[in-house]
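S.K.: can you look at this prediction? I've put the sequence above it.
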2 protein chains.
Amino acid sequence: MTRTSHTLKTVAQQLGVSTATISNAFSRPDQLSAQLREKILQACAELGYQGPNKAAQSLRKGSSGIVAVILSDSLDYMVSDPVASQFIRGVARSLELQQRHMLLFSGSAPSLDPIADFVDGFICYGAPRNTALIDQLEKTSKKVLMVDCDLPGRPSVNIDNEQAAFEIASRVLQADSRVAILGLRLTDAPNSCRLGDSPLWDSQSSIAHRRLDGYLRAAAAAGVSISNQQIWHLPKSSQQDAMDAVREALADEPKPNLLLCMSDLIALSAMREVLQQGLRIPQDVQVVGFDGIEEGQRYHPTLTSIWQHSDQKGEAAVDAFLRGDSGSLLLPYELRPGESSR
Amino acid sequence: MTRTSHTLKTVAQQLGVSTATISNAFSRPDQLSAQLREKILQACAELGYQGPNKAAQSLRKGSSGIVAVILSDSLDYMVSDPVASQFIRGVARSLELQQRHMLLFSGSAPSLDPIADFVDGFICYGAPRNTALIDQLEKTSKKVLMVDCDLPGRPSVNIDNEQAAFEIASRVLQADSRVAILGLRLTDAPNSCRLGDSPLWDSQSSIAHRRLDGYLRAAAAAGVSISNQQIWHLPKSSQQDAMDAVREALADEPKPNLLLCMSDLIALSAMREVLQQGLRIPQDVQVVGFDGIEEGQRYHPTLTSIWQHSDQKGEAAVDAFLRGDSGSLLLPYELRPGESSR
DNA sequence: CTGTTAGCGCTTTCAT
DNA sequence: ATGAAAGCGCTAACAG
C-alpha cells in the first residue's frame, strides 16, 4: 500500500508550522534553530516525505542542478568509446563534487526539447551527429559549453588539435616517408573509403580537419607530398572500419611505411592488421595514434600517441561551465613516444 | 544577443488570444480550428517560443514523459558492456516509438532523489551496486519495473537463469568433466578469487546465484561434484579480472577441462588465455558463455552460449512498464552451440 | 526565528 | 471555439 504522497503544505499542517519553515528546514538551515530543524527532518522522515519536490523547486528557482551532456553520437556507441568514457567519468566526478547531476543525451536524438526545460545547460562533447541540435544549442538561452568543437559566441574547451597533429607527425615523418592517413569522420560517407575527390565535410569546426591540417603542415615541412588518395575517411573508430581502410592502404604500391591515425582505437586496429600481415612495427611500418588510452600502453608494441587526458578535460569542462566562462580554454596535451614509431 | 524567453502568457498577449488557446494549439489540436492553430504555431516559431515549458507542464500534469533507467553500476562501466548496451538500445528504441524519453542513471549513485521528481518511473536493470537505491525503489510511489532481478511487490522482466544455466551446463558436462565456474558478482570481494568459504552475497535475487544453482543442478545430474574451490568470483566482466581467475584455474591439478562462464565477455577472455597457453578448444578445454554477444560469433572458435536477446528484453521491459504490468514476465532464451564445446 | 503571500509556467474545468 | 480562474508544489520577500 503506497500512501498518497505528502507535500510541503500537508507536512506543515501536520506539524503545525508554516510551509516556509519546512522549506527552510530542508534548504536553508541557517533560518531556524538546529533543534527545530532536527525535529522537523525527523518527523518528515517518519511521514515518508522525501523533501521538496524537485520539479516544483526547479520551476520556482529556475534551475534544477542537472546538466545535460550532449554526446556526438548515440549513447551505446559513445559509451563504448574509451575516450568518451574517460571524458564522461571526468565530468561525472566534477559534477558530483559540485552537487550537480548529469543527464547523458544522444547526439543523434531528434531534438533537445524533451530535456531542455529540465536542465541548467548543456555541455556538448564533439559535434552532434544530428546537426539540428547545433542550431538549438545556438539559439537556447541556457548555458552552453562546447568541447572539442566550436560554436560562434559560445565558450569552449579544446586542445590545439592542429598543433598536436603537427607535432606527432613531425616526429615520425622523414623525407622518404610513404604516408597513409586514417582519418575520422572527414566526410559523411557511411563506410571507410579514400578521401579522393569527395568534398570535405564541415571543414571548419571538426577536429578531424584540424588534425588533418596539422599532418599536412608537417608533411609540407618535411618535404613529403600527400595526395587525397593517401587519406582515408572512417565513419567511426570501430575495428571493422579501421581494418577495411588499413587493408586497402597496405595493398597500395609502394606500400606505406607510416600510418597517421586520428584515434588510438584506429591505431590499435591498424597495428593488429599490420602484424597480421607479417610486417614489423616500426621497422617496416610506423604507426602513431591520437587521444591516449590505456590499451595503447598495454599493447605490444606500445603506441606512440598524443595524450589528451580526457578525464581532466571533462573536469575542466564542468568547471568552465559552472564558472560561466565565456572565452575558450585551450588545454595542454602530451606527446608520448612508444615503440610503434622510431 | 539572446532575447528574454517567451512564456505561454507573453505569447498569448502578443497574439491577442488567451493562454488556453496557445496551450491547446500545442497540446490539444482538436480544441481549435486547424487554421488558427497553424497561425499560432507559425507566430510562435517566429517569436522563438519553443512550446510549453516542460518543467511547468510536468508539475501541472504530474508526468514528464521521462523514464529513468537505473543501471547496476556506473555509467562508464555499464555502457562499455555489450550486453548492457544492447539492452539500452532496445529500451531507447521502444521509448522513442512511444514518444517517451530515457534518463540513464548510475546504480552507484548515492540516491535517486535528484531525479525522482522529474521522471515518471524507473526501469531497474540488474541490482544496483548501491543497495540504498533498492530501498528507495521499494518505497517510491512511482512506477517501477525490475529487469534481471526481483523486488517484492514490483513487476519484473527476466529470463529463467537457473534453467538456462542448467541447460547449457547439461549439454557439455560429462562424467569425467573437471569443472571451473567463472562467476560474476557472487560475493562483494573487489578482486577475482575462489569462492572458498566466503559467504554468498545476496543469494536470493542475484542472477549470478540463479545461474550457479543451474550449473550445480546439472553437475549433480551428471554425477559430477563441484566444490567451492572450483568456483571463482569475478567482480566484473573485465579482461583483467577474467584473466586472473582463468590463470588460477588452469594452474590447478588436475587441470579443468570445462569452463562454465557467467558471461560471454568472461568466456572470450578465458578462450584467449586458454589458447595463449597452447591448449586446444574444445579438445583440451571446453568453454561456454552466457548472454549472447556478436563478438562471440566472430571469435575463433565460435562461442557456445545462451542467447538472451537483450535488445528485445529492453523493448519488452519498456512495453511492460508503459502497459503497467504488475506481474512478472519470463522471456525466452536460446542455447546456441558453437565450436568452443563438443 | 516564524508566518503570509505572490507567483514560477502551465493545464483544465467551467462559462461564455 | 475561446476566455477566466484555480491551482500543481514550491521559494523568497517581507512583515512580524
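M.R.: Now that the structure is in, tell me what you want to look at. Numbering: from 1, shown residues only, chains lettered A, B, ... in the order given.

S.K.: then stretch A:171-181 to CSV, C-alphas only?
M.R.: The C-alpha coordinates for stretch A:171-181 follow below in CSV (Å, rounded to 0.1, in the frame of the first residue of the first chain):
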residue,chain,number,x,y,z
ARG,A,171,58.3,13.5,-35.0
VAL,A,172,57.9,10.5,-37.4
LEU,A,173,58.0,12.0,-40.8
GLN,A,174,61.1,11.7,-42.9
ALA,A,175,61.9,12.6,-46.5
ASP,A,176,61.3,9.0,-47.6
SER,A,177,58.0,8.5,-45.7
ARG,A,178,55.2,7.0,-47.6
VAL,A,179,52.2,8.2,-45.6
ALA,A,180,48.7,6.9,-45.2
ILE,A,181,46.3,9.0,-43.1
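
S.K.: now that stretch: buried residues?
M.R.: A:172-173, A:177-181 (16 or more other Cβ atoms under 10 Å in any protein chain shown). Backbone N, C-alpha and C define where each C-beta goes, glycine included.

S.K.: narrow these to those in strands?
M.R.: Using DSSP state E, the subset of the buried residues of stretch A:171-181 located in strands is A:179-181.

S.K.: tell me the one among those residues nearest to chain B.
M.R.: residue A:180 (25.4 Å; Cβ to the nearest Cβ).

S.K.: tell me who's in contact with that closest one.
M.R.: Shown in contact with residue A:180 (Cβ atoms under 8 Å, 6 or more residues apart in numbering or on different chains): A:230-232, A:249, A:252, A:256, A:258-260.

S.K.: any of those buried? List them.
M.R.: Neighbour-count burial (16+ other Cβ under 10 Å) applied to those gives A:230-232, A:249, A:256, A:258-260.

S.K.: in TSV: those residues, plus pLDDT.
M.R.: TSV is the format used below for those (pLDDT from 0 to 100):
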residue	pLDDT
A:230	97
A:231	97
A:232	97
A:249	97
A:256	98
A:258	98
A:259	98
A:260	98
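
S.K.: assumed residue A:233 was part of a strand.
M.R.: Yes. The assignment for residue A:233 by DSSP: H, G, I helix; E, B strand; the rest coil puts it in a strand.

S.K.: how about the nearest residue to it once chain neighbours are set aside, secondary structure?
M.R.: Excluding the flanking residues, the one nearest residue A:233 by Cβ to Cβ, 6 or more residues apart in numbering or on different chains is residue A:186, at 4.2 Å. Recorded secondary structure, residue A:186: coil (three-state DSSP).

S.K.: please report how far residue A:186 lies from DNA strand C.
M.R.: 41 Å (Cβ to the nearest atom of the strand, to the nearest Å).

S.K.: and for residue A:100?
M.R.: Counting by Cβ to the nearest atom of the strand - residue A:100 and DNA strand C are separated by 21 Å.

S.K.: surely that residue and residue A:67 touch.
M.R.: Yes. Between residue A:100 and residue A:67 there is a contact at 5.7 Å, judged by Cβ atoms under 8 Å.

S.K.: between the two, which is the more surrounded one?
M.R.: residue A:67 (24 against 20; other Cβ atoms under 10 Å in any protein chain shown).

S.K.: which residues pair with the more buried one across the strands?
M.R.: Beta-bridge partners recorded for residue A:67 (DSSP bridges): residue A:102, residue A:121.

S.K.: quick check, it in contact with residue A:98.
M.R.: No. Here residue A:67 lies out of contact with residue A:98, judged by Cβ under 8 Å, at a distance of 9.5 Å.

S.K.: okay, and the common contacts of the two?
M.R.: With Cβ under 8 Å, 6+ apart as the test, residue A:67 and residue A:98 both reach residue A:318.

S.K.: out of everything not next to it in sequence, what's closest to residue A:113?
M.R.: Leaving out its chain neighbours, the residue that sits closest to residue A:113 by Cβ to Cβ, 6+ apart is residue B:50, at 6.4 Å.

S.K.: quick one: secondary structure of the one you found?
M.R.: Residue B:50 ends up coil, using three-state DSSP.

S.K.: contacting residues for it?
M.R.: With Cβ under 8 Å, 6+ apart, residue B:50 has these contacts: A:113, A:116, B:44.

S.K.: of the residues you listed, grab the buried ones for PyMOL.
M.R.: Filtering these down to the buried ones (16+ other Cβ under 10 Å) takes a single PyMOL command:
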select buried, (chain A and resi 116) or (chain B and resi 44)
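
S.K.: between the contacts of residue B:50, which is nearest residue A:81?
M.R.: Comparing these against residue A:81 with Cβ to Cβ places residue A:116 closest, at 25.4 Å.

S.K.: quick check: bridge partners of the residue nearest to the spatial centre of chain A?
M.R.: Central residue of chain A (Cα atoms, centre = their mean): residue A:125, 4.0 Å from the mean position. Under the criterion DSSP bridges, residue A:125 forms beta bridges with residue A:147.

S.K.: confidence score at it?
M.R.: As predicted, residue A:125 sits at a pLDDT of 96.

S.K.: distance of it from residue A:139?
M.R.: For residue A:125, the distance to residue A:139 equals 19 Å [Cβ to Cβ, to the nearest Å].

S.K.: residue A:313 now?
M.R.: According to Cβ to Cβ, residue A:313 stands 26 Å off from residue A:139.

S.K.: what's the answer for residue A:38, then?
M.R.: On the measure of Cβ to Cβ, residue A:38 and residue A:139 end up 47 Å apart.

S.K.: same question, residue A:243
M.R.: For residue A:243, the distance to residue A:139 - Cβ to Cβ - is 41 Å.

S.K.: compare those two and say which is more crowded by neighbours.
M.R.: Neighbours per residue, other Cβ under 10 Å: of residue A:243 and residue A:139, the larger number sits with residue A:243, 17 against 12.

S.K.: my read is that one is in a helix, agree?
M.R.: Yes. Per three-state DSSP, residue A:243 lies within a helix segment.

S.K.: that one contacts residue A:271, doesn't it?
M.R.: No. Counting by Cβ under 8 Å, residue A:243 stays clear of residue A:271, with 11.3 Å between them.

S.K.: and the stretch 1-150 of chain A, which residues reach DNA strand C?
M.R.: By Cβ under 7 Å from any atom of the strand, the part of the stretch 1-150 of chain A that sits against DNA strand C consists of A:16-21, A:24, A:30-33, A:36, A:56, A:59-60, A:62.

S.K.: in PyMOL, how would I select just the buried ones from those residues?
M.R.: Buried residues within those, by 16+ other Cβ under 10 Å, are selected in PyMOL with:
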select buried, chain A and resi 17+21+24+32+56+59
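
S.K.: of the residues of the stretch 1-150 of chain A next to DNA strand C, list those near chain B.
M.R.: With Cβ under 8 Å from any Cβ of the partner chain as the criterion, these include A:56, A:59 near chain B.

S.K.: how about the secondary structure of the residue in the stretch 51-200 of chain A positioned nearest to DNA strand C?
M.R.: With Cβ to the nearest atom of the strand as the measure, residue A:60 is the residue of the stretch 51-200 of chain A nearest to DNA strand C, at 3.5 Å. When classified by three-state DSSP, residue A:60 comes out as helix.

S.K.: mind checking how far residue A:169 is from residue A:253?
M.R.: 23 Å.

S.K.: if you count surrounding residues, which of these two has more?
M.R.: Using other Cβ under 10 Å as the criterion, residue A:169 and residue A:253 rank with residue A:169 on top: 25 against 5.

S.K.: residue A:104 - that's part of a strand, no?
M.R.: Yes. Counting by three-state DSSP, residue A:104 is part of a strand.

S.K.: that one - how many residues pack around it?
M.R.: With other Cβ under 10 Å as criterion, residue A:104 counts 22.

S.K.: one more: residue A:148?
M.R.: For residue A:148, the number of neighbouring residues by other Cβ under 10 Å comes to 24.

S.K.: quick revisit: Throw the contacts of residue A:180 into TSV and include secondary structure and distance to residue A:297, thanks.
M.R.: Rendered in TSV, the data for these read as follows (DSSP: H, G, I helix; E, B strand; the rest coil; distance: Cβ to Cβ, whole Å):
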residue	secondary structure	distance to residue A:297
A:230	helix	28
A:231	strand	27
A:232	strand	25
A:249	helix	25
A:252	coil	30
A:256	coil	24
A:258	strand	21
A:259	strand	18
A:260	strand	19
